[in-house]
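> here you go, sequence then predicted model.
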Amino acid sequence: MADMLIAALLLVGAFFGLVGSWGLVRLPQAMQRLHAPTKATTLGVGGVLLASIAYFGWVRAEWSVHELLITLFLFLTAPLSALMLARAWLHRERERVHAALPRPAASGVDWGTFQPPPEESGSDGAEPRP
Amino acid sequence: MSASAIVALPLLGAILPPLFARAGRTPALLAALAPSVVALLLLWGQAASVFSGVPEEVRVPWVPALGLEWALRIDGLGFFFASLILAIGILIFIYSRGYLAGNEPIGTFYAYLLLFQGAMLGVVLADNLLLLPVFWELTSLSSFLLIGFWCHLPDGRRGARLALAITGAGGLALLAGLILLGEVAGTYRLSELAARQELILASPLAPAILTLILLGAFTKSAQFPFHFWLPHAMAAPTPVSAYLHSATMVKAGLYLLARVWPVFGQTDAWVVWVTGIGAATMLLGATIALFKDDLKALLAYSTVSHLGLVTMLLGLGTPTAVFAAMLHVLMHATFKAALFMNTGIVDHETGLRDLRRLSGLAKVMPLTAGLGTLAALSMAGVPPLNGFVSKEAMLVEVLAARWGGGWPLWGLVGLAAILSAAYAFRYFSALFFGPLRLPEGRIPHDPPALLWGPPLVLVVAVVVLGLWPSLAEPLLAAASAAAVGAHAPWPELALWHGFGAPLVVSAVAFVIGAAMVWHYRALSGRVLAWALPFDGRRAFFSAQEWLVRGAHRLIARVHSGVLGRYVLLLAVVSLAALALGWGMGEGWRPQRAPTPMNGLGLIFAGVGLAAIGLVVRWHHKRLRAVLLTGAVGLVVSLAFLHASAPDLALTQISVEAVTTVLLLLMLFFLPQHDTEPVAKPRGAAAASILIGSVVGLLAWVMMRNDGPNLADYFWSRSVSEGGGSNVVNVILVDFRGYDTFGEITVLGIAALVIYALLQGMQEGVAREHLHAWRFPFALSPTRHPLPFAVTARVMLPFLLMAVFYIFFRGHNAPGGGFIAALLLALAFLIQYMASGLSWTMHRMRLDAHVWIGTGLLVAGATGMAAMGLGAPFLRSAHGEVHIPGIGPVPLASAMGFDLGVLLTVFGAVTLALVQLAHLGQLAGFLPSRTPMDPARPKPSEKEG
């Protein structure tokens, strides 16, 4: 029974890992490719970690929380990497894509990364040097 | 023991004047006088033992294997010179107080002078052939500092360099000569050399030894053809000229000649060369001195001439000539120091030293004129002053000399006597008498007592020693006896020896000298038109220029700036060394069967090779190359893990992470476009393949080896002797702790070099360049997004916990100070990336320098603690500590050392990072305006 569960978790993990890698190779645009490793692969790693918990808990009878910590850190860092990559892409490709980007409803508001934060607006934050 | 104190007092006392100078100039003077006066009293306390012929000795082994020992000996010769050094030093200190202007750093000046004094005392009291050159070079160094004391004047700097180069080179020759001498004689004790004279002279090396020692002595004492540095050293403040460059330092060469006199003093080579060079220098110096209008230049060349005179006396090879030499050293020191001080007063009062623009000063400064005239008359050798006594003694000795039958030398000396009478007469008659001529707007008068007191003391000595020269007899007899190594019937000193050839020569010299001064204008016009062709200074500087140009050419060829070429050179040399070692070995045959290849290993190898291949393919695309190199590192660390080396894997992966980030930061400052790929990298490819195969082969050989090896040794002793089961860490902090200590020191130095280099980039052209930097695309106003900053701060405690964990378990499980340091650096790096440099630095509190320094101190202190307990440096102790709630914790004192490693490594990494980040700020990579900080400083505060 435990073996079956562990095997299933491993398979699920492996499947998502494969999907993530496949997507990284096959998806046509940078922003699309971003989804593959940050979402699918994270899930895949999560599956493997769950399998590890199950294995050590049932088969070896050693309960451990390492995996939970790893999951926590992964869930913290993966979205962050995605965020930073997306921001970098926005800046690199600004001239080409800025007009085509969807706008928030309120007028005069741009994407967060292009405008200074509200309380500081009006200052010349965008300039490299004051 | 007092011998050590005599030398050490001025050296250590050099700290005092700069401290006391804050309280004022007079306290600084007192602080400078105190060590000298105490040393002089201690020295004179030894008088009884010196005169009884049983000198006090101090011997402390220093490096016994080299024959170096702290050996001091106060014999007659040392006593004589040391008294001179200390007594004149005290007068000079007092004089300097009046001479230096109020805004000049008199504390520093006294510190240099004391340093010189201590070094000079070391030279004349050292009884070890290796200790003497140490002090010898110290005198050259302190002389350099003193000549260049007015370092804002180009003349001062140039004169200082010239003097250091000449005397320093001579010092090296001397060192070589003394080492040869010590080896040949079989002893490094100066006092034992005389007894081994036959052994030394029989050696085929004797001529080389003599040549090298003479080079040292002649450069120091400004003998022809090395005399030219001395006049240029006159750019120094006048007290320095009086002290170093007439009374003491330049006499170190004479001292040395007297010291080796018992060994070489009666050989033919000695007599020919020392007498010859001395006579030539004497004549040359006197000739040039006569035609100098600058008072200090006149005195400088006159000093050269008198040094030549003493050298010649030492070369004559008779004990009585040595006595005459010592006599003249004493007399010259008194009248020449007085004359220099006199010149200093004139300079101080009129602002000029030019004989063509000054005259008749006796009318406005009678006291100065009186002192100067007396001293100059003594220099001319006029009775009843002390110069006359020593000149008479010199003439007697020359007449009795065996070389040249006496008469040719006699002629030379007579000529020199005429010339020196002439320039001495010219000094006072042109300066103090005749019509009053002054620079406009200056009304000079006699200076305060601080300035005329010291020369007055010297002039009193000039007169007293002239009237009753026998007063100095015991001192000189002791000095000469120590120099010659035996007691001889020393000539009796008296003012009046009756009529004889010397007196005739003197009288003739006075008459002709006076006549030359009378007709000076006509004479100088004729001579100066026929200027001396040889200019030592110009020759020196053109030689220097030639050397620099040659060095540049050599560097341009060797140091081409092509990184690949350096690596190639390094590799070729290592391969050659390897081939040599292999050829000297006994051959090799595999001892262990190869282990079968497994699948995982194959995969690692395949991925690693693929990554390497891609690096080669994309070597010209910087970003890719850096990332791929990181990938290779990751594969290697996986391979380590696979081969059961978790320690290495952990180290490798943290090193990889830190270096990749640092390299990426560096890329920021390189051009943002790719370079051209190397067109035909055939040579590089061949070399790489060759080196790679050789290294691979070596690894293979190592792995096929069997039998006892170092690894077994460490494995078996790690727990029992190092107190830790993590062998890698125990090796690092215990078995090879000394090695690690050296490595972290090098790392700290490397970090400081990075600091220096990058600090330099923040100025000048590089700064302009960075300012002009334009990014290829617009930067975000929110440089540090909120989610990133928050996450990074949440992660920080976890990371620090990991650092502690890795560090504390390091002795027994994978981990240790180095890995912990890299993790700590990573934690810091993450904060830097998330919140910017200023935010991070604001919270670091401690400078990276402090981390490095503290780390080295902690590591060193751990090692010293073992020494304090009587064990060798870095010997480790270990045991178990029971901590309630945690259980038994094995502790080793090596952990303190490991802590030092941690601090140093962390400091080095952050120093590099912070410097790079500073450059980024210069380039406009400013921090975000919203640092997202609860305790955020007000906008008015600096956040840059």
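Yep, it's here.
> okay, CA-based contacts and neighbour counts for the rest of this
Will do.
> helix or strand for B:E743, which one?
Under the criterion DSSP states H and E, the helix or strand holding B:E743 is helix B:737-761.
> which strands and helices sit next to that helix?
In this structure, helix B:737-761 packs against helix B:848-868, helix B:894-922, with contacts taken as 3 or more C-alpha pairs under 8 Å, 6 or more residues apart in numbering or on different chains; DSSP states H and E.
> deepest-packed of the ones you listed, please.
The highest average neighbour count among these, using mean count of other C-alpha atoms under 10 Å in any protein chain shown, belongs to helix B:894-922 at a mean of 24.
> what mean pLDDT does that one have?
The average pLDDT within helix B:894-922 is 86.
> for chain A, longest helix please?
Longest helix in chain A, counting residues (DSSP state H): helix A:66-92.
> in the helix or strand of chain A with the lowest mean pLDDT, what's buried?
Using mean pLDDT, DSSP states H and E, the weakest-scoring helix or strand in chain A turns out to be helix A:94-97, at a mean of 80. Neighbour counts over helix A:94-97 (16 or more other C-alpha atoms under 10 Å in any protein chain shown) mark A:R94 as buried.
> now the strands for chain B?
Secondary structure of chain B (DSSP state E): strands located at B:56-63, B:68-74, B:878-883, B:887-892.
> mind putting the ones you listed in a markdown table, distance to B:A8 included?
Output for the strands of chain B, formatted as a markdown table (distance: least, C-alpha to C-alpha, whole Å):
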| stretch | distance to B:A8 |
| --- | --- |
| strand B:56-63 | 13 |
| strand B:68-74 | 11 |
| strand B:878-883 | 42 |
| strand B:887-892 | 41 |
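> return the most buried member of those strands.
Among the strands of chain B, judged by mean count of other C-alpha under 10 Å, the one packed with the most neighbours on average is strand B:68-74 (a mean of 23).
> tell me the mean pLDDT for it?
91.
> angle of that strand against strand B:56-63?
Counting by axes from the mean of the first three to the mean of the last three C-alpha atoms, to 10 degrees, strand B:68-74 lies at 170 degrees to strand B:56-63.
> how far out from the middle of the chain is the longest helix of chain A?
Averaged C-alpha coordinates place helix A:66-92 at 5 Å from its chain's average position (C-alpha atoms, centre = their mean, to the nearest Å).
> mind listing what's buried in that helix?
So, applying 16+ other C-alpha under 10 Å, buried residues of helix A:66-92: A:67, A:71, A:74-77, A:79-80, A:82-83, A:86-87, A:90-91.
> tell me how far the closest residue to chain A within the stretch 601-750 of chain B lies from B:L86.
Minimum separation of the stretch 601-750 of chain B from chain A (C-alpha to the nearest C-alpha) falls at B:Q672, amounting to 13.2 Å. Here the criterion is C-alpha to C-alpha, to the nearest Å. By it, B:Q672 lies 67 Å from B:L86.
> burial measure for residue 39, as a count.
In the absence of a named chain, chain A is used. Other residues within reach of A:K39 by the criterion other C-alpha atoms under 10 Å in any protein chain shown amount to 18.
> nope, chain B
Neighbour count of B:A39, defined by other C-alpha under 10 Å: 26.
> now swap in B:L563 and tell me
The number of residues packed around B:L563, counting by other C-alpha under 10 Å, is 9.
> can I get the buried residues of helix A:66-92 in TSV including pLDDT and distance to chain B?
Formatted as TSV, the entries for these read as follows, by pLDDT from 0 to 100; distance: C-alpha to the nearest C-alpha, whole Å:
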residue	pLDDT	distance to chain B
A:E67	87	15
A:T71	86	14
A:L74	86	11
A:F75	84	11
A:L76	85	7
A:T77	85	8
A:P79	87	9
A:L80	88	6
A:A82	89	11
A:L83	88	9
A:A86	88	12
A:R87	86	9
A:L90	85	10
A:H91	83	7
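> go through those residues and name the one nearest B:V655.
Proximity to B:V655 was ranked across these by C-alpha to C-alpha; first place goes to A:T77, at 20.6 Å.
> what sits against that closest one?
Each residue near A:T77 by C-alpha atoms under 8 Å, 6 or more residues apart in numbering or on different chains is listed here: B:T791.
> B:G608 versus that one, what's the distance?
Between A:T77 and B:G608 the distance is 26 Å, computed by C-alpha to C-alpha.
> and B:G601, by the same measure?
From B:G601 over to B:G608 the distance is 10 Å, taken as C-alpha to C-alpha.
> can you tell me which residues contact B:A393?
In this structure, B:A393 makes contact with B:A324, judged by C-alpha under 8 Å, 6+ apart.
> roughly how far apart are the residue nearest to B:W136 when sequence neighbours are not counted and B:V304?
With sequence-adjacent residues excluded and distances taken as C-alpha to C-alpha, 6 or more residues apart in numbering or on different chains, B:W136 is closest to B:V123, at 5.9 Å. Note on B:V123: its distance to B:V304, by C-alpha to C-alpha, is 21 Å.
> what do you get for B:L361?
Between B:L361 and B:V304 the distance is 27 Å, computed by C-alpha to C-alpha.
> compare those two (neighbour count), which wins?
A side-by-side neighbour count of B:L361 and B:V304, using other C-alpha under 10 Å, places B:V304 first with 31 against 25.
> can you read off the pLDDT for that one?
On pLDDT, B:V304 comes in at 92.
> thought B:K296 was touching B:N342?
No - between B:K296 and B:N342 there is no contact under C-alpha atoms under 8 Å: 10.2 Å.
> which single residue in the stretch 651-800 of chain B comes nearest to chain A?
B:P781 (4.6 Å).
> pretty sure that residue contacts A:G112?
No - under the criterion of C-alpha under 8 Å, B:P781 makes no contact with A:G112, lying 9.1 Å away.
> the more surrounded of the two?
Each of B:P781 and A:G112 has its neighbours counted (other C-alpha under 10 Å); B:P781 has more, 26 against 14.
> distance of that one from A:A88?
Relative to A:A88, B:P781 is positioned 13 Å away (C-alpha to C-alpha).
> could you report the neighbour count for B:R22?
Neighbour count of B:R22, defined by other C-alpha under 10 Å: 12.
> what's the answer for B:F669, then?
A total of 14 residues lie near B:F669 under the criterion other C-alpha under 10 Å.
> OK, contacts around it?
Residues touching B:F669, when contacts are defined by C-alpha under 8 Å, 6+ apart, are absent altogether.
> look up how far B:G920 lies from it.
In this structure, B:F669 lies at 8 Å from B:G920, with C-alpha to C-alpha as the measure.
> ok, and what's touching stretch B:475-494?
Residues from elsewhere that reach stretch B:475-494, judged by C-alpha under 8 Å, 6+ apart: B:50-51, B:53, B:75-80, B:194, B:258-262, B:319-320, B:322-323, B:326-327, B:389, B:467-470, B:473.
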